[in-house]
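In: Fold the following and give me the result.
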Amino acid sequence: MSTGLIIALIVIAAVVVIIAAVMTLRARGPRRGPSLKRRFGPEYERVVARHDGDTKAAERELTERVQRHGDLRVRPLEPAQREQYEARWTAAQERFVDSPRDAVAEADRLIGELAGARGFPDGGQYEEQLAALSVHHAHHVDGYRRVHRAAHLRAEDARDGGQGTEDMREAMVAARALFEELVRPGHHDGGRHEEGRHEGHQRAGLNGGRKTEARGGHMPWAMNRRQAKES
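Out: Have a look, this model is predicted:
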């Protein structure tokens with residue numbers, strides 16, 4: 001076999017390898033976007049917007065989140081822990097009528113503690129905790145972001161930014177969806193903990209201000225929209 005033929009075969013083989021690699025990358029590339037979009041839902045759109053519409057940069061960030069936190073093992077709660085967290089959330093909701101800012105701060109603190117108890121990064125590492133939560137609770141994590149922002153706004157900044165009682169109420173409504181997911185028993189927790197009853201009275205009490213009784217005859221959410229606007 002001549003030297004020229006050998007060189008030609010090597011060149012052809014190299015071209016075939018390059019073409020195969022390019023086709024593989026193209027085949028993988030389009031799937032990543034839709035896959036991340038399905039996994040992160042509204043969080044995907046928020047990250048794209050934060051990157052000024054740069055989907056590649058947004059997808060790199062989301063892919064890194066999955067790589068860091070995708071294998072996180074969620075720890076179960078003891079029944080007594082669950083009861084304590086639920087009681088604290090109910091108390092925060094009831095406190096909202098008289099002291100919205102304190103109630104929002106307690107909700108923020110409570111979700112951070114609860115997430116830490118379930119095995120997510122500690123609440124002291126808020127950004128990392130939020131990133132981990134977004135991987136496993138993407139459709140509800142923005143509620144935590146909103147209540148955290150409201151809790152850390154100074155009173156004068158909140159007034160300047162037009163954030164009133166109604167905005168704080170809506171932040172707590174959004175945050176409660178994540179709270180319910182975190183406090184809810186998983187498959188490994190050994191039982192459903194009367195989930196239907198618990199979720200039913202929580203949802204009815206919060207969104208419409210309807211008088212739905214919780215433990216001890218307390219209303220889990222006593223404030224309606226009219227009271228919010230009057231505050």
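In: what about the longest helix in this structure?
Out: The single longest helix within the chain, with elements called by DSSP state H, is helix 3-40.
In: got the CA positions of the next helix or strand after that helix in PDB?
Out: Tracing the chain C-terminally past helix 3-40 and defining elements by DSSP states H and E, one meets helix 42-50 next. As requested, C-alpha coordinates have been extracted for helix 42-50 and formatted as PDB (Å, rounded to 0.1, in the frame of the first residue of the first chain):
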ATOM      1  CA  PRO A  42     -41.200  28.900  35.500                       C
ATOM      2  CA  GLU A  43     -37.700  28.900  37.100                       C
ATOM      3  CA  TYR A  44     -36.300  28.300  33.600                       C
ATOM      4  CA  GLU A  45     -37.900  31.500  32.300                       C
ATOM      5  CA  ARG A  46     -36.700  33.500  35.300                       C
ATOM      6  CA  VAL A  47     -33.100  32.400  34.800                       C
ATOM      7  CA  VAL A  48     -33.300  33.200  31.000                       C
ATOM      8  CA  ALA A  49     -34.700  36.700  31.800                       C
ATOM      9  CA  ARG A  50     -31.900  37.200  34.400                       C
END
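In: Walk me through the domains of the protein.
Out: Domain assignment for the chain, taken from automatic domain parsing, gives 3-69, 79-230.
In: contacting residues around the residue nearest to the spatial centre of the chain?
Out: The centre of the chain sits closest to residue 141, judged by C-alpha atoms, centre = their mean, with a distance of 1.6 Å. With C-beta atoms under 8 Å, 6 or more residues apart in numbering as the criterion, the residues that contact residue 141 are 43, 130, 133-134, 178. Placement of C-beta: from N, CA and C, glycine included.
In: Over the longest helix of the chain, what's the mean pLDDT, rounded is fine.
Out: The average pLDDT within helix 3-40 is 74.
In: And for stretch 87-100?
Out: The average pLDDT within stretch 87-100 is 95.
In: Just the CA atoms of that stretch, as PDB, please.
Out: Taking C-alpha atoms only, stretch 87-100 is exported to PDB below (Å, rounded to 0.1, in the frame of the first residue of the first chain):
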ATOM      1  CA  ALA A  87     -48.000  25.100  64.300                       C
ATOM      2  CA  ARG A  88     -45.400  27.800  63.700                       C
ATOM      3  CA  TRP A  89     -46.700  28.400  60.200                       C
ATOM      4  CA  THR A  90     -50.300  28.700  61.400                       C
ATOM      5  CA  ALA A  91     -49.100  31.100  64.100                       C
ATOM      6  CA  ALA A  92     -47.200  33.200  61.500                       C
ATOM      7  CA  GLN A  93     -50.400  33.400  59.400                       C
ATOM      8  CA  GLU A  94     -52.500  34.500  62.400                       C
ATOM      9  CA  ARG A  95     -49.900  37.100  63.300                       C
ATOM     10  CA  PHE A  96     -50.000  38.700  59.900                       C
ATOM     11  CA  VAL A  97     -53.200  40.600  60.700                       C
ATOM     12  CA  ASP A  98     -51.500  42.600  63.500                       C
ATOM     13  CA  SER A  99     -47.900  42.500  62.300                       C
ATOM     14  CA  PRO A 100     -47.400  41.700  58.600                       C
END
